[in-house]
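Undergrad: build me a model from this:
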Amino acid sequence: MDAVARLTSKGQLTVPKAIRDALELHVGDNVLFRIEGQVVVLARTPDLLELAGSVPVPPQVRGRSWEEIREAAWASQWREGEA
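TA: Prediction:
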């Protein structure tokens, strides 16, 4: 599906109704813009609160800060890359 929108002087776009309907976008939804070469992909992003509880949290990371978890994940990837 192709649709055209005009960029305003403030850098704003109105997402055409056909695109909003196809992506099931509603007022307040967040969208993601991804650049792939000279093409921009627009995607609906999930509401993170809808995902709450859908992924089990391993006991070894419960109560740890997000920064600690991220650092441990990077360290693990680094060790695997050296092997």
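Undergrad: tell me which strands the helix or strand where Ala43 lies pairs with, and in which orientation.
TA: Counting by DSSP states H and E, the element that carries Ala43 is strand 39-44. Strands that pair with strand 39-44, judged by DSSP bridges, come out as strand 31-36 (antiparallel).
Undergrad: and the strand it pairs with, average pLDDT?
TA: Per-residue pLDDT values over strand 31-36 give a mean of 91.
Undergrad: now swap in stretch 13-28 and tell me
TA: Computed over stretch 13-28, the average pLDDT equals 93.
Undergrad: can I have it written out in CSV, keeping just the CAs?
TA: The C-alpha coordinates for stretch 13-28 follow below in CSV (Å, rounded to 0.1, in the frame of the first residue of the first chain):
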residue,chain,number,x,y,z
LEU,A,13,3.3,14.5,9.1
THR,A,14,-0.3,13.4,9.2
VAL,A,15,-0.4,9.6,8.8
PRO,A,16,-3.0,8.9,6.1
LYS,A,17,-6.2,7.1,7.3
ALA,A,18,-5.5,4.0,5.2
ILE,A,19,-2.1,3.6,6.9
ARG,A,20,-3.6,4.2,10.4
ASP,A,21,-6.2,1.6,9.7
ALA,A,22,-3.8,-0.9,8.3
LEU,A,23,-1.5,-0.6,11.3
GLU,A,24,-4.4,-0.3,13.8
LEU,A,25,-3.0,3.0,15.1
HIS,A,26,-5.0,5.0,17.6
VAL,A,27,-4.7,8.3,19.4
GLY,A,28,-1.8,8.2,21.8
